[in-house]
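>>> Give me coordinates for this.
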Amino acid sequence: MTHWFHRNPLKATAPVSFNFYGVATTPAATKICNDLRLSRTQLLELFTDSSCNPEMMKNAADFYFSLLQGFILSLDDSSQECKLRYIQNFKWTDTLQGQVPSAQQDAVFELVSMGFNVALWYTKYASRLAGKEDITEDEAKDVHRSLKTAAGIFKHLKESHIPKLITPVEKGRDLEARLTESYIVQCQAEAQEVTIARAIELKHNPGLIAALAYETANFYQKADQTLSSLDPACAGKWRKYLNLKSCFYMAYAYCYHGQTLLASDKCGEAIRSLQESEKFFTKAEALCKEYGETKGPGTTAKPSGHLFFRKLGSLIKNTLEKCQRENGFIYFQKVPAEAPQLELKANYGLVEPVPFEFPALSAHWTPETVAAFDLTKRPKEDTAKPKPDEEVKPLKEPNIKPQKDSGCQIS
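Next comes the predicted model:
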């Protein structure tokens, strides 16, 4: 399943020293600043480390976030804002905007931006794991779990933390509602792909497979429509991927719905359902080519080269020929002019995001530590503020080479 999933690039960020000379007035306060700097650097390094696993990522992210929240949360759980929230400037790029960064002097901006990157890492980890030549059942579960985890992080950021930003999010930036929603829905759809592959391999009821495929196609369509008002130069390639996946799973839905109809002796309707499946599959093939030729951010998936993709084409052809033979020998039913309306609802296998919460505040933060930050001693000119033209270097992501497609499905 190498390169089966489209992935946008990770967010990049300017270095942050957390050097508050004169402001941090005690060794405990200085130690927190040093720990913040080191833990941030280590977390950023893990994003591009191909040997990193979910446990390593969670431990590093939790440590950094538990420290960072001392700049955000009030120690007495009151609604009063922490005095340190606006002490440091943070600068981040966005997944669709190239190396054009945005900056905010707000610790919440850092929290949601780094959290966003953690979620992106889980999607990339899932993609890398799914690309293994001989994926095991446990690894497939990791793919499924990682995508649900990513969806949960995106959802938590969107609902609980992004609304707390003082500066409104610019259109087309990652933290905008349209993009976060698309990332959530894409993660859910991709996790359901794992479920569908498993159901097919175990030869589950065709009605269940059809319903799951239909729900997955609708997820992809929803993600695509959410991005429809964005600049095509930024989101065009991503939308082609979402569109082709929607068509691919509509083809699956109509194919397996046709099998269900044939089993119910509705051969004429089954033929029409298979014809509709063939139409969607042909459209998916065309979109694969368009997607490959479309320029834009992110890695280029290659779905049409996969056996999982090609197998569907053969299945549609063989099932349609079987239905036509049966109709010519046994049923003699008229083939309807209109395709059957799919009103399928899966009762099993639907994916919900794994609930996510940021870790508790680090025990290093005490009333004495907070009081040790003397904001009256800040320099009048904030030299820590990056210059507008300061370059933010992109994160160098691991180069994952496509592996031979053995035809193994995610199981």
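>>> Compute the number of surrounding residues for A103.
18 (other Cβ atoms under 10 Å). Quick note: C-beta positions are derived from backbone N, CA and C, even for glycine.
>>> The helix or strand hosting it: what's the following helix or strand?
Applying DSSP states H and E as the criterion places A103 in strand 102-104. Next helix or strand after strand 102-104 toward the C-terminus (DSSP H and E): helix 107-130.
>>> immediately after that next one, which helix or strand?
Heading C-terminal from helix 107-130, the first helix or strand you meet, by DSSP H and E, is helix 137-156.
>>> what's that next one packed up against?
Helix 137-156 is packed against helix 54-68, helix 107-130, helix 177-201, with contacts defined by 3 or more Cβ pairs under 8 Å, 6 or more residues apart in numbering; DSSP states H and E.
>>> Point out the other elements, helices or strands, that the strand holding A103 touches.
So strand 102-104, by 3+ Cβ pairs under 8 Å, 6+ apart, packs with strand 90-92.
>>> what's in contact with the strand it packs on?
With contact meaning Cβ atoms under 8 Å, 6 or more residues apart in numbering, strand 90-92 is reached by 11-14, 16, 101-107, 109-110, 113, 386, 390, 392.
>>> Next up, the contacts around the closest residue to E397 other than its chain neighbours.
Counting by Cβ to Cβ, 6 or more residues apart in numbering, the nearest residue to E397 once its immediate chain neighbours are dropped is T48, at 5.6 Å. Shown in contact with T48 (Cβ under 8 Å, 6+ apart): 10, 395-398.
>>> quick one: T48 and F116, what's the gap?
Distance, T48 to F116, by Cβ to Cβ, to the nearest Å: 16 Å.
>>> Ok, K164 next?
From K164 to F116 the distance is 14 Å (Cβ to Cβ).
>>> Also A103?
Plainly put, A103 is 15 Å away from F116 if you go by Cβ to Cβ.
>>> Quick one: buried ones out of the contacts of T48?
Buried members of those, scored by 16 or more other Cβ atoms under 10 Å, are 10, 395.
>>> for T13, phi and psi?
With angles defined as degrees, to the nearest 10, T13 sits at phi -150, psi 150.
>>> continuing past the helix or strand bottoming out on mean pLDDT in the chain, what's the next helix or strand?
For the chain, counting by mean pLDDT, DSSP states H and E, helix 307-326 ranks last in confidence among helices and strands (a mean of 83). As assigned by DSSP H and E, the chain's next helix or strand after helix 307-326 is helix 367-371.
>>> Mind checking the pLDDT average for that following helix?
Taken as a whole, helix 367-371 has an average pLDDT of 94.
>>> same for that helix, what does it pack against?
Helix 367-371 packs on helix 27-47, going by 3+ Cβ pairs under 8 Å, 6+ apart.
>>> Could you list the buried residues of the helix it packs on?
29-30, 32-33, 35-37, 39-40, 43-44, 46-47.
>>> Report the inter-axis angle for that helix versus helix 54-68.
Computed by axes from the mean of the first three to the mean of the last three Cα atoms, to 10 degrees, the angle separating helix 27-47 from helix 54-68 equals 150 degrees.
>>> From the contact counts, what lies against helix 27-47?
Right, helix 27-47 is packed against helix 54-68, helix 107-130, helix 367-371 by 3+ Cβ pairs under 8 Å, 6+ apart.
>>> hey, C-alpha coordinates of it in PDB?
Extracted in PDB, the C-alpha atoms of helix 27-47 (Å, rounded to 0.1, in the frame of the first residue of the first chain):
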ATOM      1  CA  PRO A  27      17.200  29.000  38.900                       C
ATOM      2  CA  ALA A  28      13.800  27.200  38.800                       C
ATOM      3  CA  ALA A  29      12.400  29.600  36.300                       C
ATOM      4  CA  THR A  30      15.600  29.400  34.200                       C
ATOM      5  CA  LYS A  31      15.400  25.600  34.200                       C
ATOM      6  CA  ILE A  32      11.900  25.700  32.900                       C
ATOM      7  CA  CYS A  33      13.000  27.900  30.000                       C
ATOM      8  CA  ASN A  34      15.900  25.500  29.300                       C
ATOM      9  CA  ASP A  35      13.600  22.500  29.400                       C
ATOM     10  CA  LEU A  36      11.200  24.200  27.000                       C
ATOM     11  CA  ARG A  37      13.900  24.900  24.500                       C
ATOM     12  CA  LEU A  38      15.400  21.400  24.600                       C
ATOM     13  CA  SER A  39      12.100  19.600  24.600                       C
ATOM     14  CA  ARG A  40      10.800  21.700  21.700                       C
ATOM     15  CA  THR A  41      14.000  20.900  19.700                       C
ATOM     16  CA  GLN A  42      13.700  17.200  20.500                       C
ATOM     17  CA  LEU A  43      10.100  17.100  19.500                       C
ATOM     18  CA  LEU A  44      10.800  18.800  16.100                       C
ATOM     19  CA  GLU A  45      13.600  16.300  15.500                       C
ATOM     20  CA  LEU A  46      11.200  13.400  16.100                       C
ATOM     21  CA  PHE A  47       8.900  14.600  13.400                       C
END
